[in-house]
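Novice: Build me a model from this:
(one chain, ligands or ions: 3)
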Amino acid sequence: MDLSLSSSSLIPISTPFKSRTFTHYPNPPSFNSKSRNFQSKPLISHQNRPFRAQSSNGTTPNDGFVLEDVPHLTDFLPALPSYPNPLQSSKAYAIVRETFVRPEDVVAQKIVVQRDSPRGIHFRRAGPQEKVYFKSDEARACIVTCGGLCPGINTVIREIVCGLNSMYGVEDILGIQGGYRGFYSKNTIKLTPKVVNDIHKRGGTFLRTSRGGHDTSKIVDNIQDRGINQVYIIGGDGTQKGAALISKEVEKRGLQVSVAGIPKTIDNDIAVIDKSFGFDTAVEEAQRAINAAHVEVESVENGVGIVKLMGRYSGFIAMYATLASRDVDCCLIPESPFYLEGRGGLFEFVEERLKENGHMVIVLAEGAGQDYVSQDSHPVDEKDASGNRLLLDVGLWLSHKIKEHFTDVKKMAINMKYIDPTYMIRAIPSNASDNVYCTLLAHSAVHGAMAGYTGFTVGPVNSRHAYIPISHVTETQNTVKLTDRMWARLLASTNQPSFLNRDEVIPEKVDQELSKA
Ligand SMILES: Nc1ncnc2c1ncn2[C@@H]1O[C@H](COP(=O)(O)OP(=O)(O)O)[C@@H](O)[C@H]1O
Ligand SMILES: O=P(O)(O)OC[C@H]1O[C@](O)(COP(=O)(O)O)[C@@H](O)[C@@H]1O
Ligand SMILES: [Mg+2]
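Specialist: Ligands and ions are numbered 1, 2, ... in the order given. Alright, predicted model coming up:
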């Protein structure tokens with residue numbers, strides 16, 4: 001297979017983007033991919049690192065193509081030997097047309113483009129690579145889970161263990177217990193396919209989790225002391241920031257340790273990737289709470305149901321659960337400020353719906369309306385062990401406000417039903433489609449680490465799994481864009497007020513949103 005790039009595929013750095021790296025692989029050694037024994041002598045010494053593309057006349061072509069590449073162990077350990085990938089002799093992959101992803105395969109971040117728009121940012125395509133940088137009997141992997149729960153964590157753990165074992169013959173896999181602090185304060189457990197065999201049927205994390213306790217130096221000391229050379233870190237934005245620090249420290253110490261991040265958050269607020277695992281399960285489970293609220297309120301007079309869902313800074317679960325249900329009259333999310341009193345306010349809308357239908361359901365993301373709640377309750381600014389702000393209970397606050405308004409001002413009796421299913425939604429096992437997704441994530445992480453990549457997060461970008469530099473996913477948070485059509489679809493489906501009066505309400509916020517669009 002000729003993996004060299006033709007001159008027409010030379011790819012430039014685009015000037016508008018800061019600190020981009022372009023990678024271009026030299027011709028790999030030619031060998032019959034199906035005939036070599038993967039545990040043989042090192043295939044080549046390294047030669048796996050990129051150089052900047054130039055056209056034959058020495059200039060950089062300029063079609064705006066940018067590759068946001070991930071670090072590789074040979075960046076700081078250039079003499080590292082590589083070996084043929086054992087998958088080439090795997091029965092399962094025997095008739096796969098292309099067992100390995102090509103080094104030049106990339107995934108575009110933006111797929112809707114205009115004919116003459118620059119090609120934009122791309123990420124390295126995830127998948128098995130022709131060369132690996134670990135012999136199976138020398139690989140010593142560990143897995144840790146950090147932050148809040150999310151459906152599917154156990155599936156990811158299971159599939160990392162089974163993937164390492166069945167695809168790469170790795171048997172030495174350790175579970176770090178209780179999150180980052182488990183590296184230096186707890187014993188490890190040995191993970192085998194047998195041990196993890198049916199953990200995907202349970203919610204939570206088999207390895208347990210925690211917030212806080214990230215001490216880079218102690219963690220890397222521990223990695224070094226235990227002879228661990230692959231670290232799989234499952235967690236949200238905070239965890240990924242911690243993973244980036246670990247990967248930098250590993251590089252500083254010159255250790256042959258691959259650090260792979262698997263993004264986890266029920267809030268779906270991780271940037272770049274299409275969606276996070278467990279999100280679909282959460283939206284599905286939220287339907288049960290919404291249905292319950294609907295059944296309750298349509299059975300009584302002037303029933304008002306409020307369902308609080310998770311979503312600290314982003315209202316994806318609330319938005320998708322609302323769109324899926326069609327029984328929801330109003331959805332309130334952190335990204336969209338709302339107001340209660342006066343024309344176009346929530347009280348007016350509740351009254352209208354009660355007059356029209358005799359009942360209504362409000363879905364509320366936990367991070368919505370925090371400013372209003374704090375105005376009423378003079379809160380202390382409390383944080384959890386990871387430094388995340390602790391939220392005030394907007395659900396209780398809103399139920400109280402609505403009840404007070406209708407009883408005291410409108411002299412109208414209402415039947416309030418407040419449902420808070422947040423932890424119930426987070427604690428269940430993942431559904432079938434999330435299970436498949438978790439498997440792909442785990443396998444992509446395993447392929448990447450075995451191929452010597454490090455400091456990467458794995459995830460689908462426009463439906464194709466890619467290796468994304470960790471910093472790229474932690475720079476920003478994914479939030480619902482009020483100016484996107486998805487939010488408009490929601491408004492059209494509920495017919496709720498948008499609460500956005502450009503001149504009077506929040507001109508700055510709307511303008512910011514519009515300028516981002
Ligand atoms: N900026 C950061 N740098 C290093 N570690 C961090 C950072 N933010 C959070 N962490 C660590 O990551 C872990 C999980 O973070 P947390 O914010 O609780 O959950 P999540 O990763 O799901 O966002 C904690 O152990 C915390 O100490
Ligand atoms: O009560 P806990 O465990 O701190 O978790 C609550 C928070 O966890 C979340 O599910 C998100 O957690 P992560 O940051 O770990 O992804 C939020 O929606 C929620 O506010
Ligand atoms: Mg977080």
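
Novice: and the chain, which residues reach ligand 2?
Specialist: Applying CB under 6 Å from any ligand atom, one finds that the chain approaches ligand 2 through G147, G148, G236, T265, I266, D267, M310, G311, R312, E366, D384, R426. C-beta: built from backbone N, CA, C; applies to glycine.

Novice: Which of the residues you listed are buried, as a PyMOL select command?
Specialist: In PyMOL syntax, the buried subset of the residues of the chain next to ligand 2 is picked out as below (16 or more other CB atoms under 10 Å):
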select buried, resi 147+148+236+265+266+267+310+311+312+366+426
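
Novice: what does the stretch 351-500 of the chain put close to ligand 3?
Specialist: By CB under 5 Å from the ion, no part of the stretch 351-500 of the chain sits against ligand 3.

Novice: give me that answer again for 8 Å
Specialist: Counting by CB under 8 Å from the ion, the residues of the stretch 351-500 of the chain close to ligand 3 are S386, N388.

Novice: The residue of the stretch 351-500 of the chain found nearest ligand 1 - how many residues pack around it?
Specialist: Among the residues of the stretch 351-500 of the chain, S386 lies closest to ligand 1, at 3.1 Å counting by CB to the nearest ligand atom. By other CB atoms under 10 Å, the residues close to S386 number 22.

Novice: what would the residues of the chain next to ligand 2 look like in a markdown table with pLDDT?
Specialist: Below are these laid out as a markdown table (pLDDT from 0 to 100):
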| residue | pLDDT |
| --- | --- |
| G147 | 97 |
| G148 | 97 |
| G236 | 96 |
| T265 | 94 |
| I266 | 95 |
| D267 | 95 |
| M310 | 97 |
| G311 | 96 |
| R312 | 94 |
| E366 | 97 |
| D384 | 95 |
| R426 | 96 |
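
Novice: now, which of the residues of the chain next to ligand 2 lie close to ligand 1?
Specialist: G147, G148, G236, T265.

Novice: residue ranges with poor pLDDT in the stretch 201-350 of the chain?
Specialist: Of all residues in the stretch 201-350 of the chain, none has pLDDT under 70.

Novice: and the closest residue to S336 other than its chain neighbours, how many residues sit next to it?
Specialist: The shortest distance from S336 to any non-neighbouring residue, by CB to CB, 6 or more residues apart in numbering, is to L482 (5.7 Å). For L482, the neighbour count with other CB under 10 Å is 22.

Novice: And the pLDDT for the residue of the stretch 351-500 of the chain closest to ligand 1?
Specialist: Note for S386: predicted pLDDT of 95.

Novice: Do I have it right that it meets G212?
Specialist: Yes - counting by CB atoms under 8 Å, G212 is a contact partner of S386 at 5.2 Å.

Novice: Flag every residue of the stretch 101-250 of the chain that's near ligand 3.
Specialist: G147, G148, G236, D237, G238, T239.

Novice: Taking these, tell me the two that lie furthest apart.
Specialist: Greatest spacing in those, by CB to CB: G148 and D237 (11.1 Å).

Novice: Mutual contacts of the two, please.
Specialist: Common contacts of G148 and D237 (CB atoms under 8 Å, 6 or more residues apart in numbering): T265.

Novice: What segments of the stretch 351-500 of the chain are strands?
Specialist: Applying DSSP state E, counting those that start in this stretch to the stretch 351-500 of the chain gives strands spanning 359-365, 415-419, 456-461, 464-469.

Novice: what angle sits between the longest one and strand 415-419?
Specialist: This means strand 359-365. 30 degrees (axes from the mean of the first three to the mean of the last three CA atoms, to 10 degrees).
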